[in-house]
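**Q** Next input, structure requested:
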Amino acid sequence: MTTAQLYATLRTALAAALAEGGLTGEAVTVSARGLTPEEAIGRPGRTDYPILSGREVMLMADFQGARGQAFTDAPVAFQGRLAEVLDLDLEGDDHSRGLFIAVLNAVMARLGRADNTVHCKDGGPEFCARHMADWVAETYGAPRIALVGFQPALIGALGQRFPLKVLDLNPDNIGKVKDGCPVLDGRRDRQAVLDWAELVLCTGSTLCNGTLVDYLGLEKEVVFFGTTLSGAAPILGLKRMCFADESRRAE
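**A** I've put the predicted structure just below:
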């Protein structure tokens, strides 16, 4: 699947979902805005999340009381009709793409077709990471894991229990060693790491930059995580695990 086909599939699916729900009228509106780091992730115990550095922003869309979020480095403020969202340039405009994905997540939540569309806060990321590590052990044993995306809580939890290599596209992260795990170049080192790994855990934020297509159709298990992919995962038939959202308290 190409990125053009990926975004065309999601556009068609959103239009169909709106039509089925009787939500295509011009009076139906949606709003979106970037959240502050504290609004998005609260006060987590660690300070090394990318959103806290300001490089990424959590964009949140609100649709008839349902909320959907997307991590993006191209936030935008918007208030308008859903028909306008369906006409956005998803291939050529990063701002439009992040907006579309946040709206897709909100609409899918409103229709009851997606869950965990809002990111967890405070102790939630650590809670999620611990349970992800437990789930991997219970489901796959002790696999070599390729973690796609710099997610500090997951690196800490997984790296203690499994052979782990991390791929990322942010030059500020590449070349670092995080909790004993090397952070490798998501472009240059991708194939070598995928050949090495037995399990791929991939951030749903790859949907916003189009690199999601690099992790489709692999001849090994790929599991996605995060809120950004919450609405697209059921449309695309992708396996996604999420153990915490804003409504759950950390344990």
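
**Q** now the helices for the protein?
**A** Assigned by DSSP state H, the chain shows helices spanning 3-20, 37-41, 50-53, 82-86, 94-110, 124-140, 152-159, 190-196, 206-209, 232-236.

**Q** and the gap between residue 162 and residue 233?
**A** Note on residue 162: its distance to residue 233, by Cβ to Cβ, to the nearest Å, is 23 Å. Any C-beta I mention is one placed from the backbone N, CA and C, and that applies to glycine too.

**Q** Ok, residue 3 next?
**A** 17 Å.

**Q** Look at the two and report which has more neighbours.
**A** Ranked by neighbour count (other Cβ atoms under 10 Å), residue 3 and residue 233 place residue 233 first, with 21 against 16.

**Q** Okay, now the unreliable bits of the chain?
**A** Applying pLDDT under 70 to the chain picks out residues 24-55, 121-124, 244-251.

**Q** go with 90
**A** Scanning the chain for pLDDT under 90 picks out the ranges 18-67, 69-84, 92, 94-95, 116-129, 152, 170, 172, 178-179, 242-251.

**Q** Could you list the domains of it?
**A** Using automatic domain parsing, the domain ranges for the chain come out as 3-110, 124-241.

**Q** So which bits of stretch 211-223 are buried?
**A** 211, 212, 214, 215, 222, 223 (16 or more other Cβ atoms under 10 Å).

**Q** and the two most separated of the residues you listed?
**A** 211 and 223 (16.2 Å; Cβ to Cβ).

**Q** before we move on, back to that, need the winner for burial among the helices of the chain.
**A** Ranked by mean neighbour count, the helices of the chain are led by helix 94-110 with a mean of 26 (mean count of other Cβ atoms under 10 Å).

**Q** other SSEs contacting that one?
**A** Using 3 or more Cβ pairs under 8 Å, 6 or more residues apart in numbering; DSSP states H and E, the elements in contact with helix 94-110 are helix 3-20, strand 29-34, strand 57-63, strand 66-72, helix 82-86, helix 206-209, helix 232-236.

**Q** Was I right to think residue 15 contacts residue 86?
**A** Yes: between residue 15 and residue 86 there is a contact under Cβ atoms under 8 Å: 5.6 Å.

**Q** about what we covered before: among the buried residues of stretch 211-223, find me the one that's closest to residue 151.
**A** residue 223 (13.1 Å).

**Q** quick one, what contacts that closest one?
**A** 199, 200, 201, 202, 239, 240, 241 (Cβ atoms under 8 Å, 6 or more residues apart in numbering).

**Q** ok, what's across the strand from it?
**A** residue 201 (DSSP bridges).

**Q** Spatially nearest residue to residue 224, not counting backbone neighbours?
**A** Counting by Cβ to Cβ, 6 or more residues apart in numbering, the nearest residue to residue 224 once its immediate chain neighbours are dropped is residue 240, at 4.5 Å.
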